[in-house]
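A.B. asks: Mind folding the following:
(one chain, ligands or ions: 1)
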Amino acid sequence: MPADLSAGVRDALTAIVGADHVRSEPIDQLIYSVDSYWLPQMWLDRGRRTPTPGLIVYPGSADEVARVLAVADEARVPVVPWGGGSGTQGGALPIHGGLIVDTKRLDRILEINERSMYVRAQAGINGGQLEWALNDRGLTLPHYPASATCATLGGYLAPRGSGTISTKYGKAEDLVMNLEVALPGGRLVRTPLVPNHASGPDFMRLFLGTEGTFGVITEATMRITRLPETRLLRAMLFKDVATGLEAGRQMMVQRLDPLVIRMYDPRSTGLLVKRVLGYELQGAYMIIGFDGWADIAAAQEQRALAICASLGARDLGREPGERWWDHRYDFYYPPHTLHLPALYGTIETVSTFDRIEEIYHAKKAAIEGTYGHLGVEYIGHFSHWFPWGASLYDRFLLKDAPPAPEDAEALHNQIWDTAVTTSLAHGGMINEHHGVGLKLSRFMRAQYGDAWPLLESIKDAIDPHHIMNPGKVGFERMPS
Ligand SMILES: Cc1cc2nc3c(=O)[nH]c(=O)nc-3n(C[C@H](O)[C@H](O)[C@H](O)COP(=O)(O)OP(=O)(O)OC[C@H]3O[C@@H](n4cnc5c(N)ncnc54)[C@H](O)[C@@H]3O)c2cc1C
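C.D. replies: Numbering: from 1, shown residues only. Below you'll find the predicted structure:
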């Protein structure tokens, strides 16, 4: 057991959660040494070990989470919250050992309120389980990430995730009404009942995007909606990215309220759309969708079709749109998903309409120009849209990573540096929905510039001993 996890700490934790809910067997430690980040998966694949936690605890209530944090704070032990482990940024990795606080026993739905349309649930509930329980009543939490069946509610919120239909319903952060959070000193705090008020600052937002560096989310109240009367999906083919982007922009600024706009660049259309949906097309394949009341959705769709037609798009009809909807998650799972031995990364970003096309071209040129001779490819699609801009979900991929893990890691990190510095240089964010975690931690100062020390001082105030998830989201200080 590492020096920082004395028998006294283990005994204190066992007294809180019970002996069955504290683990440190090598197999448990191995499981929690890898999440969905490519880098630790690659090291493990090549027979190398990555850092493991000293102990894994499974609290059964918010109160137990708070008491666990009090013990860890007193002993200055690093604490890493763990939801489903589906995060791709290494945010849940115990890079400095210490404690993993796995939230999965916090899995209860506490209230479904159909009058005010919200659900209150514990943060460790699985996204799929929550959704199916709502669906049974004709309701839905309109946050549909491709990872819903492996992620938790807390994991949706901690990195500010986006789902397939965020363009209409908002990101996870737009759907949350209030939170209960366990803080490092062992206190439980609850944010006000409603999010839209003028009664002081919105401190709830401090816990969204901090990825477990400020505390452990133990409960969340989320807005829900009725399952729609209709859902209209359709596919369009644009000659290029520029015309597709302009069509999407017009739909958004004219407030047509699309459920989804997803436009694959010509390379993704030729590669992914062909592989997953079986269509052989040249150009930029775009899905548009509208939902809600049948008459309103139909009218919105008509206006969208007029915009697409005015920009020369070919209307491919409903079937390819509906087929995409039915297979929308297949893109991210075997046999279609990227996997080892390939070297890959999702280098997504977001920016305003006046910048996003330039960012796409700049990143494509930078990745292909710098690494194309090694066989590295660049693909992208535009997946989450706002009234002011859009996100670019782009990826680099190389069929076979260099065999030596050190070389593979070096190339991986180099390509990431190129991708993120190019996004930043052209007005993009380092990330739109996967979060920062360990992977992008080194870019936080560049992202925030003069504002970064302010964020550090907020962290110091909330977590004065730096026990919460050290080494993530730019907060590098170790427990002391
Ligand atoms: C196949 C696949 C598809 C994906 N698709 C999407 C997608 O469509 N949209 C999207 O946004 N993301 C997607 N992701 C990324 C990932 O699934 C999401 O970020 C997800 O919401 C993470 O949830 P989790 O419970 O697995 O969190 P984890 O991976 O366990 O943790 C992620 C981070 O949140 C922190 N954390 C977890 N729970 C808590 C808590 N209760 N309190 C405080 N901090 C906490 C962790 O410490 C860590 O820093 C995908 C990932 C995969 C593997």
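
A.B. asks: Spell out the secondary structure type for residue 288.
C.D. replies: strand (DSSP: H, G, I helix; E, B strand; the rest coil).

A.B. asks: Please tell me how far it sits from residue 120.
C.D. replies: 34 Å (CB to CB, to the nearest Å). Where C-beta positions appear, they are placed from N, C-alpha and C, glycine not excepted.

A.B. asks: These two: which has the busier surroundings?
C.D. replies: For residue 288 versus residue 120, neighbours defined as other CB atoms under 10 Å are more numerous around residue 288 (28 against 17).

A.B. asks: Just confirm the more buried one contacts residue 302, I think it does.
C.D. replies: No: at 11.5 Å, residue 288 and residue 302 do not qualify as touching, with contact defined as CB atoms under 8 Å.

A.B. asks: Next one: residue 50 relative to the ligand, how far apart?
C.D. replies: 15 Å (CB to the nearest ligand atom, to the nearest Å).

A.B. asks: count of residues packed around that residue?
C.D. replies: The burial count for residue 50: 18, using other CB under 10 Å.

A.B. asks: Check residue 239 too.
C.D. replies: Neighbour tally, residue 239, other CB under 10 Å: 15.

A.B. asks: Spell out which parts of the stretch 151-300 of the chain neighbour the ligand.
C.D. replies: Applying CB under 6 Å from any ligand atom, we find that the stretch 151-300 of the chain lies next to the ligand at 151-152, 154-156, 158-159, 161-163, 211-212, 216-217.

A.B. asks: what do you get if the cut-off is 5 Å, keeping everything else the same?
C.D. replies: Contact residues (CB under 5 Å from any ligand atom) of the stretch 151-300 of the chain with the ligand: 151-152, 154-156, 158-159, 161-162, 211-212, 216-217.

A.B. asks: again with the stretch 351-480 of the chain
C.D. replies: residue 433.

A.B. asks: Over in the stretch 351-480 of the chain, which residue gets nearest the ligand? Let me know.
C.D. replies: Of all residues in the stretch 351-480 of the chain, residue 433 sits closest to the ligand, at 4.0 Å by CB to the nearest ligand atom.

A.B. asks: where does that residue land in three-state SS?
C.D. replies: Strictly by three-state DSSP, residue 433 counts as coil.

A.B. asks: wouldn't it be in contact with residue 161 here?
C.D. replies: Yes: taking CB under 8 Å as the definition, residue 433 is a contact partner of residue 161 at 5.1 Å.

A.B. asks: is the ligand contacted by stretch 321-332?
C.D. replies: Yes: Stretch 321-332 reaches the ligand (CB under 5 Å from any ligand atom) through residue 332.

A.B. asks: picking up where we left off before, among the residues of the stretch 151-300 of the chain next to the ligand, which ones are buried?
C.D. replies: Among these, those buried by neighbour count (16 or more other CB atoms under 10 Å) are 151-152, 154-156, 158-159, 161-162, 211-212, 216-217.

A.B. asks: Tell me which entries of those residues lie within helices.
C.D. replies: Counting by DSSP state H, the part of those found in helices is 154, 155, 156.

A.B. asks: farthest pair in the buried ones among the residues of the stretch 151-300 of the chain next to the ligand?
C.D. replies: 162 and 216 (22.2 Å; CB to CB).

A.B. asks: what's residue 256 in contact with, if anything?
C.D. replies: Contacts here follow CB atoms under 8 Å, 6 or more residues apart in numbering; on that basis residue 256 touches 290, 300, 303, 304.

A.B. asks: Can you point out the helix or strand that includes residue 380?
C.D. replies: Assigned by DSSP states H and E, residue 380 belongs to strand 377-385.

A.B. asks: Please name the residues that touch the residue lying closest to the residue of the stretch 351-480 of the chain closest to the ligand once chain neighbours are set aside.
C.D. replies: Excluding its sequence neighbours, the residue lying closest to residue 433 (CB to CB, 6 or more residues apart in numbering) is residue 162, at 3.8 Å. By CB under 8 Å, 6+ apart, residue 162 lies in contact with 145, 171, 172, 383, 384, 391, 432, 433.

A.B. asks: so which residue of the stretch 101-250 of the chain comes closest to the ligand?
C.D. replies: Closest point on the stretch 101-250 of the chain to the ligand, by CB to the nearest ligand atom, is residue 155, at 2.0 Å.

A.B. asks: any idea how far that residue lies from residue 220?
C.D. replies: 11 Å.

A.B. asks: chain center to the strand holding residue 380, what's the gap?
C.D. replies: 15 Å (CA atoms, centre = their mean, to the nearest Å).

A.B. asks: just so I have it, where are all the strands in the stretch 51-200 of the chain?
C.D. replies: Ranges of strands in the stretch 51-200 of the chain, per DSSP state E, counting those that start in this stretch, are 55-57, 79-82, 99-102, 109-113, 118-122, 139-140, 176-182, 188-190.

A.B. asks: Show residues contacting the fourth one.
C.D. replies: Outside strand 109-113, the residues within contact range by CB under 8 Å, 6+ apart are 118-122, 125, 130, 133-134, 137, 139, 219, 224.

A.B. asks: partners of the strand holding residue 380 in the sheet?
C.D. replies: Strand 377-385 sits in its sheet next to strand 260-264 (antiparallel), strand 389-398 (antiparallel), going by DSSP bridges.

A.B. asks: Could you look over these and pick the most buried one?
C.D. replies: Of all those, strand 260-264 has the most neighbours on average by mean count of other CB atoms under 10 Å, namely a mean of 26.

A.B. asks: hmm, who's touching it?
C.D. replies: Contacts with strand 260-264, where a contact means CB under 8 Å, 6+ apart, come from 164-165, 167-168, 233, 238, 241, 244-245, 248, 251-252, 272-273, 284-289, 324, 381-383, 385, 390.
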